[in-house]
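> Below are the sequence and a predicted model for it; my questions follow.
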Amino acid sequence: MVEIILYLAGGLLIMLLGAEGLVRGASALALRIGISPLVVGLTVVAFGTSSPELVVSIGSAIEGNSDIAIGNVIGSNISNIALILGITALINPIKVNVQLIKREIPIMIGVTIVFLLFFYDLSLSRFEGFLLFIGIIVYTVISYKLSKKEKKETELEFEKEIPRAKGNLFKSILMVVFGLIFLAIGSKLFVDGAIEVALMLNISQVIIGLTIVAVGTSLPELITSVVASIKKEGDIAIGNVVGSNIFNLLSILGLTAIIYPITSESISMLDLGMFSLTALTMLPLSRTGFILNRIEGAILIGIYVTYIYFLIP
């Protein structure tokens, strides 16, 4: 049991270090070659905070553990909204930007619906994965073009949140390389530990993917949102969650299915129903005075706890 805990904790710690190194190194490289902080924020940082989910899903699919791969993404999207936003709103009520309601949240809901249509047969083919991955490219390009038309404050907000370029070029390259290596090693340890937990407790891998793996790989988003909430920067907190959910579905599942088609008969109607409910709930909750208050945060956490209660046998 101690060995399994070391696998999970060690793998998670190594992944978090890898994600941090990747974000800092890649951000510094991008800024050095003249890419604006806004573009870095929309691409490199978004990829970096979701990189644990990416490497875990791809690694699991290649090793034939599709249940963990798909459960990781579905569970991460559920926990991002119900758990992370719930905790964040409890710390400080989140003021919701009108732009999120008009554009980003509807896009997230639309992407969720597209995924459900693709996954109706409980599988994702390479072609469907390709279409999803094309979606993240289109989304990034459109977001960049629209953001350039918005106020200068948007650029300044990203600039404050992105690590500054420090040290020499060689150091930045090393941070990217070691970040990727740490992610690969950490994900391997973490997934192996999760599989051992499933075997020891005699529960399915998909449940492990929906719970332990999902919450573990969502820690970068949790840390980012909680820190933003403490600083009373609600746009960053909720934008981080919404953006991560879009990225998870389009980029992570898309790329994973391209590399290795996903098939899972263990995902239940409860999981897909909860996955849909949390996405759809975002819009009405955000429109109530354009603030996600503490009561609504408590409701979200209650929904998540109820889901876990019915999920685990």
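Thanks, I have it.
> What pLDDT is listed against the residue nearest the centre of the chain?
The centroid of the chain falls nearest to residue 244 when counting by C-alpha atoms, centre = their mean (4.1 Å). Residue 244 is assigned a predicted lDDT (pLDDT) of 83.
> now the one 5 residues further on
Note for residue 249: predicted pLDDT of 94.
> Repeat that for residue 35.
59.
> buried stuff in the helix or strand encompassing residue 113?
In the assignment (DSSP states H and E), residue 113 maps to helix 105-118. The neighbour-count check on helix 105-118 (16 or more other C-beta atoms under 10 Å) flags 105, 107-109, 111-112, 114-115, 118 as buried. From N, CA and C alone the C-beta is placed, and that goes for glycine too.
> what bits of the stretch 201-313 of the chain have low per-residue confidence?
Along the stretch 201-313 of the chain, segments meeting pLDDT under 70 span 233-236, 288-290.
> go on, the stretch 51-200 of the chain?
97-101, 147-167.
> Which parts of it are helices?
Using DSSP state H, counting those that start in this stretch, the helices of the stretch 51-200 of the chain run over residues 66-79, 86-91, 98-99, 105-118, 126-148, 152-161, 169-201.
> which helices and strands sit right next to the first one?
Yep, that's helix 66-79 we're talking about. helix 46-62, helix 169-201, helix 205-208, helix 214-217, helix 253-259, strand 262-263, helix 269-287, helix 294-311 (3 or more C-beta pairs under 8 Å, 6 or more residues apart in numbering; DSSP states H and E).
> could the ones you listed go into JSON lines alongside distance to residue 145 and mean neighbour count?
Below are these laid out as JSON lines (distance: least, C-beta to C-beta, whole Å; neighbours: other C-beta atoms under 10 Å):
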{"stretch": "helix 46-62", "distance to residue 145": "16", "mean neighbour count": "24"}
{"stretch": "helix 169-201", "distance to residue 145": "27", "mean neighbour count": "18"}
{"stretch": "helix 205-208", "distance to residue 145": "39", "mean neighbour count": "25"}
{"stretch": "helix 214-217", "distance to residue 145": "30", "mean neighbour count": "25"}
{"stretch": "helix 253-259", "distance to residue 145": "21", "mean neighbour count": "23"}
{"stretch": "strand 262-263", "distance to residue 145": "31", "mean neighbour count": "20"}
{"stretch": "helix 269-287", "distance to residue 145": "24", "mean neighbour count": "18"}
{"stretch": "helix 294-311", "distance to residue 145": "33", "mean neighbour count": "17"}
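> Any idea which of these gets closest to residue 11?
helix 169-201 (3.1 Å; C-beta to C-beta).
> could the helices and strands packed on helix 66-79 go into CSV alongside distance to residue 139?
Conversion of the helices and strands packed on helix 66-79 to CSV gives the following (distance: least, C-beta to C-beta, whole Å):
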stretch, distance to residue 139
helix 46-62, 10
helix 169-201, 23
helix 205-208, 28
helix 214-217, 21
helix 253-259, 11
strand 262-263, 21
helix 269-287, 16
helix 294-311, 25
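> right, so of those, which gets closest to residue 136?
helix 253-259 (6.6 Å).
> Other residues contacting the closest one?
54, 57-58, 61-62, 69-70, 73, 115, 124-126, 128-136, 262 (C-beta atoms under 8 Å, 6 or more residues apart in numbering).
> and with 6 Å instead?
With contact meaning C-beta atoms under 6 Å, 6 or more residues apart in numbering, helix 253-259 is reached by 57-58, 61, 69, 73, 124, 126, 129-130, 132-133.
> and of those, the nearest to residue 266?
residue 69 (11.4 Å).
> for the closest one, what are its contacts?
57, 60-61, 256, 262.
> now swap in residue 232 and tell me
Counted by C-beta under 6 Å, 6+ apart, residue 232 has contacts residue 92.
> Looking at this protein, name the residue that lies furthest from the middle.
residue 168 (30.3 Å).
> how much space between that one and residue 116?
47 Å (C-beta to C-beta, to the nearest Å).
> do residue 292 as well
When distance is defined by C-beta to C-beta, residue 292 is 25 Å away from residue 116.
> Please apply the same query to residue 297.
Distance from residue 297 to residue 116, by C-beta to C-beta: 26 Å.
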